[in-house]
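Asks: sequence first, then the predicted structure:
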Amino acid sequence: MTSSNLYHNSKAQWAVYAVFFIIVLAVPAVIDDSYTLNLLATFGVFAMLALSVSLVWGAGGVLTLGQGVPFGLAAYCMAMTMQMQAQTPDSPMPPFMANNSLTQLPLMWEPFKSTTTGLLIALFFPTVLWTLFGGLMFAARVHGGFVAVMTLAMLSAIGLLVLDIQPYTDGANGITPPNALLIAGHSIDPYSPTAYIIVAVALVVLAALSKALLAGKFGLVTHAIRTDSERTRFLGYNVFLYQTLLFGIAGFIASIAGCLFVMLEQYVSPAQLDVSFSVGMVIWTGVGGRASLLWAMLGALLINAGQTVVGDTLLNTWLLFLGIFFILVVRFLPKGLAGVAEWLVGFFLRRRGPAQHQAVAPAHEGG
Amino acid sequence: MEHMIFSAGFADALLLGLSVASTWLIAALGLTIVYGTIGVINMAHGEFIMLGAYATYVLESKLHVPFLLCLPLSFLIVAVIGLLIERLLIRYLYDRPLDTLLATWGVSIVLIQAVRLIFGSDPLYLSVPNALNQNWQLGFFSISVFRVFILAVTLAVSAAVWLFMQRTRFGMQIRAVTQNRAMAASFGINQKRVYAGAFALGSGLAGLAGCMFGVLNIVLPNMGSGYVVQAFLVVVSGGGSLVGSVISGGAVGELQSIFSYFADDTLALCIIFTLIVIFLRFRPQGLIAPSASRR
Amino acid sequence: MKTTRRSFSVGAASTLAAIASPHIWSKKSGEAWGATLKQGEPIKVGVLFSLTGDLAVPEADSTYVLQYAFDEINKAGGIAGQPVQPVIIDAKSDFNVYSQKMKELILRDKVIAVFGCYTSASRKAVLPTVIEFDSLLYYPTCYEGAECVQNDICTGPLPNQHSRDLIPFMVKHFGKKVFFVGSNYVWPKESNKDAKVWLNGVGGELVGEEYVPLGGADFSGVLNKIREAKPNFIFSTVVGASTIAFYKQFKQAGFSSSSMPIAALTTGEIETRAMGAEFGAGHFLSAPYFMALDTPTNHKFVNGFLSSPYNHSSVTHYNMEETYNSAYVFKLGLEKAIAQYGVEDVTSRKLRDISGGVTLDDSISPEGKIWIDSDNFNTWLTPKIGQCQSDGSFKIVAQSPTQIQPLPYFIYPALGVCTADGLKAPNGTIQKNVL
């Protein structure tokens, strides 16, 4: 992609990503208070969700309002794993089950007795389910707003189901594992630098892999599908396969985020499957810039930090401002804050003569 | 005897399904116009319903307007609000359908918060004439008068909208634009005006629905959020046409009533959402799509 | 791709460095997160309710009444001469925010205790943090019990207290057949289990049990089933805004409170006012407190609160009163702890342990004398039955003669008994913090 704007320069982009990665990883060296570390780690999880939305929506051109499905399901599986770590032969069953008239551990909880199996299920069951669901939609060549509505319906259905099967999920109360995650004899204290670093490394690796994926042939085909799926199909590409794969990858990233969220919070409830939470992810991504993985992540960080810092002083007006801000971004900055960055870089760091990028399709990625 | 009671209850559930269907349909009617005509996915539709309920509240308790008069007035008030939002925001986004979805989501947040700031978060109360607070007993069947009223209003409004679309000049223009934008434009139809009009009409219908939902249920700033997903599923599975929405609204209402008769309400909703997803897998264009391409 | 590899190695390096340093698996060793009081400094407490969003309807009032209570305590000289300083937080009706703000209160503000939460879901969201840092949560509302946590004190009624008198009362006055309607979540289902125990005790008959989605507003299906089952009365554990929809549709469906009244556990003054008194009149509520209670302490509370700047809705309902009492349970407990250990040595842990047996007599508590159970740290209280009048207020029609013991494991004797140290199973093993 030749462009006069340094913003579209692949090497420059990687350099900016590298700086971001280093900052993310270096945080524990600078900050040593437990509360801030834990808070930043949670933001890291949200950034991961924005990353996954950016993949599907920004790169794939398919708006998902149901990213909470893989996230929430993985979170539930993770909570079940951690809950079972606390059970002993003396009390083989999570306490809430006895209150729900169960006399023995239900079958669906059995696999979570083993931490390894539990973690594998948490990572792969939601991913596989989400990939199948995506496949179902893309095989029917569903697109545009329909995907949004179908993912939304799926999210509502699963949210209601989790509420309804109270004996297995404790309904609206959610699951609260009493202890921190135990891995190979180590308890991962959610307030420790270790917990932060696990999240940070996961974020950096996933972001780097996603970026690399989009920079290669896969990204090019995805871009073609986003621009004109019919034409891409006529060129002989299996559009269905690419779309489903991208959807599945995003589901996998959301699943990892779900696991890490419960590791940090020791808590999951149907609130994680709430429509407003999934729409929240889209808002973070949209404000940051859907077409840029980095800006999507920054959007998640900025909005959540904003809520923490000024949310208490502004009370009701915080959401009002967020809503107005979001409308303005959609109206005037369809590329989000990334668009501003792109313009600024182009304005101040113009390298070559007249713009020749008119003919070139705009690159998906931005620094 | 056991069998008798069972079938009477089941027959009641079927009748009730009609009433449930009418609430699904009236909630979805405005969205059918907006989505079917302009292709705008209006996520603030539920908040227009909410505005209709609050408009009724203000009319009733502050200005002492009788309830029956509140129906057309809430239609007008919300139609004007819708028109304003269309002029200020939506019209700039017609060529970016996914962005309208996001922008209208922003609008919904702003509307909820604005109403919270003005009216507070406490639930409010709408009163209706005593005649509507009754119950009818017809042999086995028993139904509240207000539900019959909603059913009647829904049928009347659906018929009126149908006539409007078929018989009036503006309705014809809307249909023309829906079928082929370019062709309609070449016949001198002002597309912008048609879109604005359709959006206002759709908003007004939501306001009318809100007026009745406020009586039936609860008047709260966030009362609309439940309706938007529901209304969308009706519109999308109906295919975006008026007839499609009537059929899918009817089917969904009956199914919900039947499922909740045999299972519980939560599970009934869950099954319905799943069925709609499966249905859309096999018929992504919905039941009856308007006879042309959009976008 | 080169950069990718570099960033991988950076990541790996800092991970290794992190694991190598000793403190890394736990919180920083030197950091004292446990709150302590200082002589001459205000006593900081957290107040964690939703001031905005869906949950604000009940929870904002809890914040206001706590501000009122702390003002009252401070005007009377504070606690052991030191003023209470509430740190007010808005949880935004968002469970992620509850959990995050609880961490902030404990770790940043170093409060000695937190008053907060209304729904069980939010309580469950904050409890892991409260337990982790051995802090203390005052939970001032009714809940389902079946929990034995060593870091909280609850001032609301448990199901075994809540419906104990209500069900026999209704059966006696209206007949044996009852229909249960509830919101679909944990508390209604648990409350209904207790209600069944009382129902069996008086030979009543359960003719139907239905749950509607939380926040749901369409009761047509349920009302249809009620019509079919022909009960003598309804026992309702529908909560929140759904309550209003239920009562309205109940009347619109042709049912009447005189022939088939609803006996509820949460439909208080706020709800009857919001639905319009004509829909509420004649129905029953069981609660430890009613605004209409005719005692000097309650008159003082009602008049004091309504004339204070914290009055927003001109009502004092059971949930506000339970919250108000929690502030005094805190005050008396802290005075006891300070007398025992001295100001500088009081911790949340010690405060909790010493609060067992703290008694509010009827000159403090508007609902009458209550005390904290020294085993399970719930509250001994007196449930009362009120009937809604045509103006939306309640008239007390029956009242238990004595305080009733809170029993969080009442319907689960096989699980054991909640003691101060944890859940004691029938075989003698004790398990701490059973959530």
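Replies: Perfect, thanks for sending it.
Asks: check which helix or strand the spatially most central residue of chain A maps to.
Replies: Centroid check for chain A by Cα atoms, centre = their mean gives residue A:49 as the closest residue, at 1.4 Å. Per DSSP states H and E, residue A:49 falls inside helix A:34-53.
Asks: that older thread, surely the residue nearest to the centre of chain A and residue A:279 touch.
Replies: No - under the criterion of Cβ atoms under 8 Å, residue A:49 is not in contact with residue A:279, lying 11.8 Å apart. (C-beta placed from N, C-alpha, C; glycine too.)
Asks: roughly how far is the helix or strand in which residue A:198 is found from the heart of the chain?
Replies: Secondary structure assignment for residue A:198, by DSSP H and E: helix A:193-215. In terms of Cα atoms, centre = their mean, to the nearest Å, the centre of helix A:193-215 is found 12 Å from the chain centre.
Asks: got the angle for that helix vs helix A:34-53?
Replies: An angle of 20 degrees separates the directions of helix A:193-215 and helix A:34-53 when computed by axes from the mean of the first three to the mean of the last three Cα atoms, to 10 degrees.
Asks: tell me which other helices or strands helix A:193-215 touches.
Replies: Under the contact criterion of 3 or more Cβ pairs under 8 Å, 6 or more residues apart in numbering or on different chains; DSSP states H and E, helix A:193-215 touches helix A:10-30, helix A:34-53, strand A:186-188, helix A:239-265, helix A:293-314, helix C:2-20.
Asks: chain center to stretch B:239-249: distance?
Replies: Remark: stretch B:239-249 is offset 12 Å from the chain centroid, using Cα atoms, centre = their mean.
Asks: which residue does the stretch 151-295 of chain B have closest to chain C?
Replies: residue B:217 (3.6 Å; Cβ to the nearest Cβ).
Asks: re the thing from before, let me have the helices and strands packed on helix A:193-215 in CSV, extended by distance to chain B and mean pLDDT.
Replies: CSV is the format used below for the helices and strands packed on helix A:193-215 (distance: least, Cβ to the nearest Cβ, whole Å; pLDDT from 0 to 100):
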stretch, distance to chain B, mean pLDDT
helix A:10-30, 25, 91
helix A:34-53, 12, 94
strand A:186-188, 34, 88
helix A:239-265, 13, 96
helix A:293-314, 11, 87
helix C:2-20, 31, 45
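Asks: can you put the ones you listed in JSON lines and add distance to residue A:121?
Replies: Below are these laid out as JSON lines (distance: least, Cβ to Cβ, whole Å):
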{"stretch": "helix A:10-30", "distance to residue A:121": "28"}
{"stretch": "helix A:34-53", "distance to residue A:121": "19"}
{"stretch": "strand A:186-188", "distance to residue A:121": "19"}
{"stretch": "helix A:239-265", "distance to residue A:121": "10"}
{"stretch": "helix A:293-314", "distance to residue A:121": "26"}
{"stretch": "helix C:2-20", "distance to residue A:121": "25"}
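Asks: so which bits of the stretch 51-200 of chain B are right by chain A?
Replies: B:89, B:92-93, B:96-99, B:101-103, B:105-110, B:112-114, B:116-117 (Cβ under 8 Å from any Cβ of the partner chain).
Asks: now which of those residues would you call buried?
Replies: The neighbour-count criterion (16 or more other Cβ atoms under 10 Å in any protein chain shown) marks B:89, B:92-93, B:97-99, B:101-103, B:105-110, B:112-114, B:116 among these as buried.
Asks: identify the residues contacting stretch A:34-41?
Replies: Surrounding stretch A:34-41, the residues in contact under the criterion Cβ atoms under 8 Å, 6 or more residues apart in numbering or on different chains are A:27-28, A:31, A:190-193, A:195-196, A:199-200, A:260, A:264, A:308, C:27-28, C:31, C:33, C:100, C:103-104, C:107-108.
Asks: and the buried ones among these, selectable in ChimeraX?
Replies: Per 16+ other Cβ under 10 Å, the buried members of the contacts of stretch A:34-41 correspond to this ChimeraX selection:
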select /A:27,28,190,191,192,193,195,196,199,200,260,264,308 /C:27,28,33,100,103,104,107,108
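Asks: what's the closest of the helices and strands packed on helix A:193-215 to residue B:182?
Replies: Nearest to residue B:182, of all these, is helix A:239-265, at 27.3 Å by Cβ to Cβ.
Asks: check which element follows that closest one along the chain.
Replies: Using DSSP H and E, the helix or strand that follows helix A:239-265 in sequence is helix A:275-288.
Asks: just the CA atoms of stretch B:63-81, as PDB, please.
Replies: What follows is stretch B:63-81, C-alpha atoms only, in PDB (Å, rounded to 0.1, in the frame of the first residue of the first chain):
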ATOM      1  CA  LEU B  63     -52.500  19.200  31.100                       C
ATOM      2  CA  HIS B  64     -55.400  16.900  32.100                       C
ATOM      3  CA  VAL B  65     -55.900  15.600  28.600                       C
ATOM      4  CA  PRO B  66     -58.200  12.600  28.500                       C
ATOM      5  CA  PHE B  67     -56.500   9.300  27.700                       C
ATOM      6  CA  LEU B  68     -58.200   8.700  24.300                       C
ATOM      7  CA  LEU B  69     -56.900  12.000  23.100                       C
ATOM      8  CA  CYS B  70     -53.400  11.200  24.300                       C
ATOM      9  CA  LEU B  71     -53.200   8.500  21.600                       C
ATOM     10  CA  PRO B  72     -53.100  10.800  18.600                       C
ATOM     11  CA  LEU B  73     -51.200  13.500  20.500                       C
ATOM     12  CA  SER B  74     -48.400  11.200  21.600                       C
ATOM     13  CA  PHE B  75     -48.200  10.100  17.900                       C
ATOM     14  CA  LEU B  76     -47.700  13.700  16.900                       C
ATOM     15  CA  ILE B  77     -45.300  14.600  19.600                       C
ATOM     16  CA  VAL B  78     -43.000  11.700  19.000                       C
ATOM     17  CA  ALA B  79     -43.300  12.100  15.200                       C
ATOM     18  CA  VAL B  80     -42.000  15.700  15.600                       C
ATOM     19  CA  ILE B  81     -39.100  14.500  17.800                       C
END
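Asks: low-scoring pLDDT stretches of the chain, where are they?
Replies: Assuming you mean chain A. Regions of chain A meeting the criterion pLDDT under 70 cover residues A:1-4, A:312, A:315-316, A:350-367.
Asks: actually chain C
Replies: C:1-35.
Asks: tell me what the longest helix anywhere in it is packed against?
Replies: Using DSSP state H to define each element, chain C has its longest helix at helix C:318-341. Secondary-structure packing of helix C:318-341 (3+ Cβ pairs under 8 Å, 6+ apart): helix C:56-75, strand C:113-116, strand C:137-139, strand C:152-154, helix C:296-306, helix C:348-354, strand C:359-360, strand C:370-372.
Asks: what is the neighbour count of the residue of the stretch 151-295 of chain B closest to chain C?
Replies: When neighbours are defined as other Cβ atoms under 10 Å in any protein chain shown, residue B:217 has 26 of them.
Asks: hang on, residue C:217 packs against residue B:220?
Replies: No - applying Cβ under 8 Å, one finds residue C:217 not in contact with residue B:220, separated by 9.3 Å.
Asks: strands of chain B, start to end?
Replies: Here chain B has its strands, by DSSP state E, at B:135-138, B:141-144.
Asks: for these, which one sits closest to residue A:73?
Replies: Nearest to residue A:73 among the strands of chain B is strand B:141-144 (39.8 Å), distances taken as Cβ to Cβ.
Asks: what are the buried residues along the closest one?
Replies: For strand B:141-144, a neighbour-count test (16+ other Cβ under 10 Å) marks B:142, B:143, B:144 as buried.
Asks: now the last one, nearest residue through space, not along the chain?
Replies: Read it as residue B:144. Leaving out its chain neighbours, the residue that sits closest to residue B:144 by Cβ to Cβ, 6 or more residues apart in numbering or on different chains is residue C:252, at 4.3 Å.
Asks: the one you found: how many residues sit nearby?
Replies: A count of neighbours around residue C:252, defined by other Cβ under 10 Å, yields 24.
Asks: who's in contact with it?
Replies: Residue C:252 makes contact with B:132, B:133, B:134, B:135, B:144, B:145, B:146, B:147, B:216 under the criterion Cβ under 8 Å, 6+ apart.
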